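1. here is a sequence with its predicted model. Questions after.
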Amino acid sequence: MKRIALLGATGSIGTQTLDIIRRNSNIFKLVSMSLGKNIVLGRKIIQEFKPKVVSVISKEDCDTLKIDYPDIEFYYGVEGLTEVATQKDVDIVITAVMGSVGLKPTLAAIECKKTIGLANKETLVTAGHLVVESAKRNNVQIIPVDSEHSAIFQCLQGEGTNEISRIILTASGGSFRDKNRDELKGVTVKDALNHPNWSMGAKITIDSATMLNKGLEVIEAHWLFNLPYEKIEVLLHKESIIHSMVEFKDTSVIAQLGNPDMRVPIQYAITYPNRLELVERPLNLWEISTLNFKKLDFNRYPGLKLAYEAGKVGGTMPTVLNAANEVAVDAFLQNKIKFLEIEEIIEKVLNMHTSIHNPDIYVINEVDEWTRRMVYSKIK
Ligand code: NDP
Ligand code: MG
């Protein structure tokens, strides 16, 4: 029996993780979980999966739920996320909250020697060096859930990092891939949320449209696979069938393919190094017939360029990139700023910041908070 903690159970990755657990209830057990504000869905999940420990965002929701489910331990806030992630009888923590709020519970879980199934890329962008160092020191494995990183992780089984000449992350191009920069001026939230290939949470769907998602993924790949940015490339591939590729020093390329279905990388993270049947539509390449590829243009996607630059500077620069993006995307979703202002704001705040080298968790938190204040002041 594999005992699972799930951070972000009510989200897109969260509910798909629950589907995997539901289909394999003889071997997987949900021990603890967190949700945010979606209490209606949270109650349904609690009733079906009967976890021992649950955390929510607010104290009010926590107090109400305690009365309704006296057999369950309830917590709230970031401390609650940490409780969920560090339960004694948990084997693997699936981190599927949105945003850098995932950092603290992830670090705590690693210190408790839990295997991490990492979907929450913002955590690695915010403080990748702390997460990777702690995982190394505690001999903890971080298994990627993000489809591109799962693909690379699968391509690298049995291979050494020294053999890699580059990794190629594929990008669908998001909801506006057929628009030029001029056509992006008047786009709405509704247009931006209409992703052609994947159904995901709102924030990552906007990140895909700005290509910031791929930028965060480049930084995520840098930390997960210990590779310099020069060896990480992005390729436009609109069908999202090749999830990513590794080129080795003899020019041989290994790719991982599949229909776009996040349950495949989620399940692999839980079962690694083994695999489990997932009865779904198989990949029939004859049905797809053609796969398209296009060179990525940084002028069309300046957000990706900003991410590469922030990653290369390192220190607290990626922390600023991530926090500025989180606040700007939230403001766009609330119709407070225009789509193109997301990258404008990020660039302005990055330019205001001087990177701090090798930051500890306190510096990371300060810089994250400073960035959020700066972005709020620009939005007002
Ligand atoms: P969703 O927005 O669908 O879900 C986010 C989850 O986190 C929800 O359970 C939400 O709770 C909870 N949450 C949000 N904010 C907080 C907070 N401040 N404190 C505690 N809990 C919070 O996001 P996704 O599932 O799409 O994405 C989750 C993570 O996985 C992100 O880091 C994303 O980049 C990554 N990812 C997602 C993919 C996808 O296909 N969706 C693919 C690859 C990576 P509630 O809804 O109850 O308020
Ligand atoms: Mg991805």
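-> Nice, thanks for sending it over. Ligands and ions are numbered 1, 2, ... in the order given.
2. only C-alpha atoms from now on, for both contacts and neighbour counts.
-> OK.
3. how deep is the residue in the stretch 201-350 of the chain that ligand 1 sits nearest to tucked in, by neighbour count?
-> Nearest to ligand 1, among the residues of the stretch 201-350 of the chain, is Gly201, at 3.3 Å (C-alpha to the nearest ligand atom). Neighbouring residues of Gly201 were enumerated by other C-alpha atoms under 10 Å; the total is 13.
4. distance check, it against ligand 2.
-> Gly201 sits at a distance of 12 Å from ligand 2 (criterion: C-alpha to the ion, to the nearest Å).
5. per-residue pLDDT, that residue?
-> At Gly201 the predicted local confidence, pLDDT, stands at 96.
6. check Leu216 too.
-> 98.
7. and for Arg281?
-> Per-residue confidence for Arg281 comes out at a pLDDT of 87.
8. over to it: give its phi and psi.
-> Main-chain dihedrals, Arg281, degrees, to the nearest 10: phi -60, psi 120.
9. now it: closest residue in space, sequence neighbours ignored.
-> Nearest residue to Arg281, sequence neighbours excluded (C-alpha to C-alpha, 6 or more residues apart in numbering): Asn259, at 8.0 Å.
10. run a quick neighbour tally on that neighbour.
-> Residues within reach of Asn259, counting by other C-alpha under 10 Å, total 18.
11. can you check Ser32 too?
-> 31.
12. quick one, what contacts it?
-> Going by C-alpha atoms under 8 Å, 6 or more residues apart in numbering, Ser32 touches Ile4, Ala5, Leu6, Pro51, Lys52, Val53, Val54, Val84, Ala85, Gln87.
13. need the residues of the stretch 251-380 of the chain near ligand 1, please.
-> Met262 (C-alpha under 6 Å from any ligand atom).
14. just checking, the residue of the stretch 201-350 of the chain closest to ligand 1 touches Gly11?
-> Yes. In this structure, Gly201 is within contact of Gly11 by C-alpha atoms under 8 Å, at 6.7 Å.
15. does Ile4 belong to a helix, a strand or coil?
-> Three-state call for Ile4 (DSSP: H, G, I helix; E, B strand; the rest coil): strand.
16. pLDDT wise, what is it at?
-> 99.
17. same check, this time on the one 4 residues further on
-> Reading off the confidence values, Gly8 has pLDDT 98.
18. hang on, it packs against Lys37?
-> No. Between Gly8 and Lys37 there is no contact, the gap being 10.3 Å when judged by C-alpha under 8 Å.
19. so where's this structure uncertain?
-> Judged by pLDDT under 70, the chain has no weakly predicted residues.
20. give me every residue in it lying close to ligand 2.
-> Proximity of the chain to ligand 2 is confined to Asp146, Ser147 under the rule C-alpha under 5 Å from the ion.
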